[in-house]
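In: turn this into a model:
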Amino acid sequence: MQDSLFSVFGLDENSLRLLVFLGTFVVMALAEWALPKRKRTLPQGRRWLTNWGIVVLDAVLVRFVMPILPIGLALYVADNGWGLLNWLAMPSWLSILIAFVLLDFAIWLQHLISHIVPIFWRLHQVHHADRDIDVSTALRFHPIEILLSLLYKFAWIAAIGAPALAVFAFEAVLNAAALFNHANVRLPLKLDRVLRLVLVTPDMHRVHHSVSPVETNSNYGFNLSIWDRMFGTYIAQPDAGHEGMKIGLNAYQSEKPGQLLWSILLPFRNR
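Out: Residues are numbered from 1 along each chain as shown. Sure thing, here's the model as predicted:
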C-alpha cells in the first residue's frame, strides 16, 4: 500500500525524500556561494564535517531505535480509524490540507517549547551553538532531540488522524524549508518581503540565531510564517543588522562548536 501511494519514477517514499533533501541542499549551497549574505566566522570545511556528522548520527539512531517512521504510523492510523480527521466526513484534499497546516503548527509549538523548557533547551542549544548559519546548520540537531521530535510528531499524527500523503508532503517540505531558511543567501529585499508573508525566509530565520536573547526567542517558524505573527513572536530584522549581528550563543564564542564530539556532549555540560 505504501509503495502504491508514494512510488514515482520507480522511487519509494524514502528515496523521494532523500532526493528532495539532497537536491535542495545542493541548490542552496550553490546559492550561498553565488550570493552570500554574511562572512563566515569559522572554516567552512570543519563546520560542514561536524554538521554532516551529526545528521549521520541522527539517521543511525533513528533507524536503530524506531521500528516505525511517520509515514508508517499514518498508514496504521488510517487503517484503524484513529484521529480527528478520520472521524469527520470531508474530501481527501481538505483532510490533507488541514493535516499539513496542523503539523506545521505542531513543529512551531515544539520549537517554542524547546526554548522555554530547560531540559529541552539543553538539547536544542546544540543547534544554536553554531557560530555561522548556513544550509548545513539545518542538519545540526542533537540525536536525542531528533528522537524526541519523532515521538512528539507521532502523537500529533495519531491525534489528528493525518493522512499518509499529508505526512509525506509535510516531511519533504519541512526538510526543504529548513535548508532554505538556514541558508546564508542574500535575497532581494522586495522578494524577501513578499515571501515572508507566507514562508519563513533566510533573513527572517537568521534573527532567531542571534546571540541576543530577545531575538533568539523569536521567529520560531520553519515553514509557514503565520504562527509567529499570530502569537506575537515575530521580529522583522535584527537590531545590529544581518551583517553586523553575532550568531550562536554568547557562552560558546570559540572554535569548539565546530567540533563533533564537543557538540554531541554539549547538553551534558553543567553551564
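In: give me the low-pLDDT residue ranges for this structure?
Out: 1-12, 271 (pLDDT under 70).
In: for it, what spans make up the helices?
Out: Using DSSP state H, the helices of the chain run over residues 2-6, 13-34, 44-65, 70-80, 84-87, 92-116, 118-128, 143-160, 164-181, 189-195, 202-208, 213-216, 226-230, 260-265.
In: and these, which is most packed in?
Out: Highest mean neighbour count of the helices of the chain: helix 202-208, a mean of 23 (counted as mean count of other CB atoms under 10 Å). Backbone N, C-alpha and C define where each C-beta goes, glycine included.
In: so what's the residue positioned nearest the centre of the chain up against?
Out: Residue closest to the mean C-alpha point of the chain, counted by CA atoms, centre = their mean, is residue 178 at 4.5 Å. Residues in contact with residue 178, defined by CB atoms under 8 Å, 6 or more residues apart in numbering, are 138, 222.
In: any idea how far residue 240 is from it?
Out: For residue 178, the distance to residue 240 equals 24 Å [CB to CB, to the nearest Å].
In: and if you look at residue 210?
Out: 8 Å.
In: please apply the same query to residue 212.
Out: 8 Å.
In: these two - which one has more neighbours?
Out: Shown here are residue 212 and residue 240; by other CB atoms under 10 Å, residue 212 has more neighbours (16 against 13).
In: ok, for that one, nearest residue in space, not its chain neighbours?
Out: residue 239 (6.9 Å; CB to CB, 6 or more residues apart in numbering).
In: one more: residue 169?
Out: That would be residue 100: by CB to CB, 6+ apart, it lies 6.2 Å from residue 169.
In: would you check that the one you found makes contact with residue 171?
Out: No: if you go by CB atoms under 8 Å, residue 100 and residue 171 don't touch, sitting 10.4 Å apart.
In: I figured residue 249 hits residue 125, correct?
Out: Yes: using CB under 8 Å, residue 249 is in contact with residue 125, at 6.3 Å.
In: ok, residue 130 - how many residues close by?
Out: 26.
In: now it: phi and psi?
Out: Note on residue 130: its backbone torsions stand at phi -60, psi 120 [degrees, to the nearest 10].
In: now do the closest residue to it other than its chain neighbours against residue 51, distance only.
Out: Sequence neighbours aside, residue 137 is the residue nearest to residue 130 in space, at 4.9 Å (criterion: CB to CB, 6+ apart). For residue 137, the distance to residue 51 equals 7 Å [CB to CB].
In: now residue 123
Out: Taken as CB to CB, the span from residue 123 to residue 51 is 16 Å.
In: likewise for residue 77?
Out: Relative to residue 51, and taking CB to CB, residue 77 is found at 33 Å.
In: please apply the same query to residue 261.
Out: 14 Å.
In: likewise for residue 79?
Out: From residue 79 to residue 51 the distance is 38 Å (CB to CB).
In: also residue 28?
Out: 13 Å.
In: joint contacts of those two?
Out: With CB under 8 Å, 6+ apart, residue 28 and residue 51 have no common neighbours.
In: dump the residue contacts of residue 49.
Out: Neighbouring residues of residue 49 by CB under 8 Å, 6+ apart: residue 260.
In: hmm, residue 122 is touching residue 267, no?
Out: Yes: Residue 122 is within contact range of residue 267, at 4.2 Å (criterion: CB under 8 Å).
In: quick one: which of the helices of the chain is nearest residue 253?
Out: helix 118-128 (12.2 Å; CB to CB).
In: so how far is the closest one from its chain's centroid?
Out: 14 Å (CA atoms, centre = their mean, to the nearest Å).
In: ok, stretch 30-40 next?
Out: So, by CA atoms, centre = their mean, the centroid of stretch 30-40 is 20 Å from its chain's centroid.
In: contacting residues around that stretch?
Out: Taking CB under 8 Å, 6+ apart as the rule, stretch 30-40 contacts 132-135, 183-187, 202-203, 206, 242-243, 247.
In: residue 142 touches residue 121, doesn't it?
Out: No: with contact defined as CB under 8 Å, residue 142 and residue 121 do not form a contacting pair (11.2 Å).
In: shared neighbours, the two?
Out: Residues touching both residue 142 and residue 121 (CB under 8 Å, 6+ apart): there are none.
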